[in-house]
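Colleague: Got a sequence here, can you build the structure:
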Amino acid sequence: MLKIVLSVIALLIPVSALAEGPIVNYRYSSVFDRWCTSTNGTEISESKRQQLLSKVDNIQAEWDRLGPTLLSTTEELIGKPFQRREVTATLFLCGRTPSMSMPLLINGNWFVDGEAQLPESMASHIVFHELLHIYLVDHLPNELALRKKYEEMGESVLVLNHIHLMAIQKQVYIELGLEKELAMVIANDSKLARGEYKRSWEIVDEVGYEAFVAEYQTD
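Modeller: Coordinates of the predicted model:
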């Protein structure tokens with residue numbers, strides 16, 4: 001009888017209440033750095049390595065503070081769960097290598113001494129960006145009319161791959177009252193990818209983020 005009651009309760013709980021998003025654990029990978037540097041001929045100083053290692057705990061704490069809320073808000077907004085239950089955000093220092101979503105690699109050079117050094121809190125926003133790439137692939141609709149429209153207008157693949165992502169990111173931040181963090185993300189993005197991230201944000205503003213988000217809310 002108890003099993004039946006529990007089953008009925010489970011059916012009554014909305015999907016959004018069960019969704020937690022993936023658990024994210026940050027790890028520095030010396031193995032990846034050794035392989036990468038031997039491949040592309042770059043060098044990593046021991047001081048930079050120690051700097052990054054000393055910041056991993058703070059970077060993890062920042063994610064634990066904000067990250068789960070970003071993920072759960074995304075799930076509630078789109079109405080679909082993240083399919084991964086746990087991921088490792090692998091930090092590295094190898095030069096000439098970008099952050100990416102699959103595998104989840106985060107360039108740690110942003111967080112060690114240098115002219116372009118970012119606050120440790122920015123790591124959470126970078127990981128959220130990369131996890132959104134995975135999320136959008138896992139829940140790709142049959143048709144994305146706005147992507148097709150801008151593809152026909154000649155926008156690059158990099159721009160096309162970010163317009164829905166940035167629209168969802170923007171609505172999540174606005175709903176959470178994170179306008180200051182959103183401005184920081186846009187400012188940093190606008191310096192990257194030869195201006196193509198900046199162009200993606202411009203398109204989101206031109207059309208309105210709601211239109212892009214709506215294309216992912218359809219079944």
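Colleague: What are the buried residues along stretch 109-126?
Modeller: For stretch 109-126, burial by neighbour count (16 or more other Cβ atoms under 10 Å) applies to 109, 110, 111, 112, 118, 120, 121, 122, 123, 124, 125, 126. For glycine as for every other residue, the C-beta is placed from the backbone atoms N, C-alpha and C.
Colleague: all helices for this protein, in order.
Modeller: Assigned by DSSP state H, the helices in the chain fall at 2-12, 15-18, 30-40, 46-78, 122-138, 145-152, 157-175, 179-189, 196-207, 209-217.
Colleague: just so I know, which of those helices lies nearest residue 90?
Modeller: When those are compared by Cβ to Cβ, helix 30-40 sits nearest residue 90, at 6.4 Å.
Colleague: coming back round to it: now for the helices of the chain, which one comes closest to residue 100?
Modeller: Checking the helices of the chain against residue 100 by Cβ to Cβ gives helix 122-138 as the closest, at 6.8 Å.
Colleague: helices and strands around the closest one, which ones?
Modeller: strand 23-28, helix 46-78, strand 86-92, strand 105-107, helix 157-175, helix 179-189 (3 or more Cβ pairs under 8 Å, 6 or more residues apart in numbering; DSSP states H and E).
Colleague: Residue 90 and residue 45: what is the separation?
Modeller: In this view, residue 90 and residue 45 are 20 Å apart by Cβ to Cβ, to the nearest Å.
Colleague: higher neighbour count, the two?
Modeller: Neighbours per residue (other Cβ atoms under 10 Å) separate residue 90 from residue 45, with residue 90 holding more: 20 against 10.
Colleague: Please tell me how far the more buried one sits from residue 65.
Modeller: Distance, residue 90 to residue 65, by Cβ to Cβ: 21 Å.
Colleague: before we move on, back to that, so which of the helices and strands packed on helix 122-138 is nearest residue 40?
Modeller: strand 86-92 (11.9 Å).
Colleague: so what does that closest one touch, helix or strand wise?
Modeller: Judged by 3+ Cβ pairs under 8 Å, 6+ apart, strand 86-92 is in contact with strand 23-28, helix 30-40, helix 46-78, strand 105-107, helix 122-138.
Colleague: Tabulate those (a markdown table), appending mean pLDDT and distance to residue 157.
Modeller: Listed next are those as a markdown table, based on pLDDT from 0 to 100; distance: least, Cβ to Cβ, whole Å:
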| stretch | mean pLDDT | distance to residue 157 |
| --- | --- | --- |
| strand 23-28 | 98 | 27 |
| helix 30-40 | 94 | 24 |
| helix 46-78 | 97 | 23 |
| strand 105-107 | 96 | 20 |
| helix 122-138 | 97 | 13 |
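Colleague: quick one on the thing from earlier: just tell me which of the helices of the chain ends up closest to residue 97.
Modeller: The closest of the helices of the chain to residue 97 is helix 30-40. By Cβ to Cβ, the value is 5.9 Å.
Colleague: Since that was my last question, I'll sign off now.
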